[in-house]
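# Predicted model and sequence below, questions to follow.
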Amino acid sequence: MSVIVARGLTRTFGTGEAARRAVDDVSLSVEAGEVVLIFGPSGCGKSTLLALIGGLDRAFSGSLSLFGQEVAQLSDAALSRLRGEKIGFVFQAFHLLGHLSVIDNVMAPALFSSHDRHEPEVRARASQMLERVGLADRASSSPAELSGGQRQRVAIARALLHQPSLLLCDEPTGNLDRKTGEQIIELFAELHAELGTTIVIVTHEERISRLADRTLDMVDGKLAIGGAA
Ligand SMILES: Nc1ncnc2c1ncn2[C@@H]1O[C@H](COP(=O)(O)OP(=O)(O)O)[C@@H](O)[C@H]1O
Ligand SMILES: [Mg+2]
């Protein structure tokens, strides 16, 4: 099954003379279980593309389908439900909440978004995920007490809490030193092997490429020839 199908996907910022295509006529298919790396320099449109394929930004032209559903035909509520159920995000800057403990950070999205949340169950799952990323003993720590690599592990546990089918990662090793970055890549590889999650990573760091089934190059908003699968 295709998880993502984009055809002529374009995102323009600004109007008139100032209009600029941050994502320019991108066609791309990603199949279930694939690990796809999109590689390109700063400013080439990677984060903009990831926001589109994550259903965070629907101001695009062209067509985009996620899990077989045309995004343009979904209501905002339906798109946000699809995102909540099926998509997990990992960002360069971790985005942890400093006033919450590690485990509460992992649980936070579920507690905020779910109507029939059942806290003990969510806590048990969060605890499992923390164990999976090697941080079971830090559940009650504050994020401030953790290293960068540990913080990113917490963010990954949070992204995986609801067992997303698609994990979108924006420069996930960008704030980490080389060795820690390697460990995070190793963790993605293990999680992919265990869970079969489809993963799309955007980065300007070459070292991630050994994780990928496919590497696509992005330049000036466009995916290089060969990018359209
Ligand atoms: N909200 C926005 N408003 C205007 N321009 C934007 C906005 N977001 C991104 N851009 C522009 O789009 C281009 C691509 O940005 P971005 O997707 O962040 O690139 P990357 O993630 O590859 O560094 C850049 O020129 C950036 O300035
Ligand atoms: Mg970016």
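That came through fine. Ligands and ions are numbered 1, 2, ... in the order given.

# ranges for the strands of this structure?
Secondary structure of the chain (DSSP state E): strands at 2-13, 20-31, 35-39, 61-66, 69-70, 87-91, 166-170, 198-203, 214-219, 222-223.

# just these: most buried one?
Of the strands of the chain, the one with the most neighbours on average (mean count of other Cβ atoms under 10 Å) is strand 198-203, at a mean of 26. Yep, even glycine has a C-beta here, placed from its N, CA and C like the rest.

# And the contacts of that one?
Contacts with strand 198-203, where a contact means Cβ atoms under 8 Å, 6 or more residues apart in numbering, come from 3-4, 30-40, 46-47, 49-50, 53, 165-174, 188, 192, 208, 211-212, 218.

# Spit out the contact partners of Leu130.
Neighbouring residues of Leu130 by Cβ under 8 Å, 6+ apart: 102-103, 106, 136, 138-139, 154, 157.

# Of the residues you listed, select the buried ones using a PyMOL command.
Here is the PyMOL command that picks out the buried ones among those, judged by 16 or more other Cβ atoms under 10 Å:
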select buried, resi 102+103+106+138+139+154+157
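
# Would you map the helices across this protein?
Per DSSP state H, the chain carries helices over the ranges 46-53, 76-86, 102-113, 119-132, 148-160, 178-195.

# Please work out the angle formed by the directions of the longest one and strand 87-91.
Spelled out, it's helix 178-195. 170 degrees (axes from the mean of the first three to the mean of the last three Cα atoms, to 10 degrees).

# Alongside ligand 2, which residues does the protein contribute?
For the chain, the residues in contact with ligand 2 (Cβ under 5 Å from the ion) are 46-47.
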